[in-house]
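*Asks:* I would like the atomic coordinates for the input below:
(one chain, ligands or ions: 1)
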Amino acid sequence: MHKVFHFASPRERYKCDAAVVWCYDHRFELALRKLLKRIGVMRSDPIRIAGGAKCLAAPDKESDRQFVLEQLRWSMQLHGTDTVLLMLHTDCGAYGGLAAFGNDAAKELQNHTAHLQRAAIALKSAIPELTVKTYFVDFEGVWELGAGGLPTTGSPAARSKK
Ligand SMILES: [Zn+2]
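*Replies:* Below you'll find the model as predicted:
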């Protein structure tokens, strides 16, 4: 083994501001970083898997959902995590991309809004003490679902109706 470079990483334990259940699609990497900065999440525990919050809403296997719940419990135990951001993005390969929705962004949004709601309900019922926030990311920005998981004014859904 040889040292690639020297870098002093912090040794102290930290309090995690939010765990993030999110896809690893690199097109939205900068949007994620900007979101975290905007909402004041300095220290996050990212749980990155294809499809992100899809694993809680509509997992391919029930064991996928259990695995992610377990990771969240570890994050709570190790880093005092009390908030989770559940995220989905447009044109996600785990859903078959936008093509799976006939290239109809409004149709995709409708599905993803429902999935974010379903994921939040599944998470809250498994770990009730968590605060859960839900976000949808597209090529124009990041959208937070409002009360009851409904898109707020100015959301892609509202725009597409115009
Ligand atoms: Zn994805």
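*Asks:* how about the residues of this structure by the ion?
*Replies:* C23, D25, C92 (Cβ under 5 Å from the ion). No exception for glycine: its C-beta is placed from N, CA and C like everyone else's.
*Asks:* count of residues packed around the last one?
*Replies:* Yep, that's C92 we're talking about. 21 (other Cβ atoms under 10 Å).
*Asks:* contact partners for it?
*Replies:* Listed by Cβ atoms under 8 Å, 6 or more residues apart in numbering, the contact set of C92 reads C23, D25, A50, G51, G52, K54.
*Asks:* can I get the residues of the chain next to the ion in TSV with distance to F67 and pLDDT?
*Replies:* Listed next are these as TSV, based on distance: Cβ to Cβ, whole Å; pLDDT from 0 to 100:
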residue	distance to F67	pLDDT
C23	15	98
D25	20	98
C92	19	98
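*Asks:* and the longest helix along the chain, how far out from the chain's middle?
*Replies:* As assigned by DSSP state H, the longest helix anywhere in the chain is helix 105-126. The chain centre lies 11 Å from the centre of helix 105-126; the measure is Cα atoms, centre = their mean, to the nearest Å.
*Asks:* same deal with stretch 78-93?
*Replies:* Going by Cα atoms, centre = their mean, the spacing between the C-alpha centre of stretch 78-93 and its chain's C-alpha centre is 3 Å.
*Asks:* switch to numbering from 57
*Replies:* All right, first residue 57 from here; so that's stretch 134-149.
*Asks:* can you get me the start-to-end distance on that stretch?
*Replies:* Start-to-end span of stretch 134-149 (Cα to Cα, to the nearest Å) is 31 Å.
*Asks:* before we move on, the earlier item: so which of the contacts of C148 wins on neighbours?
*Replies:* Ranked by neighbour count (other Cβ under 10 Å), these have G108 at the top, with 30 neighbours.
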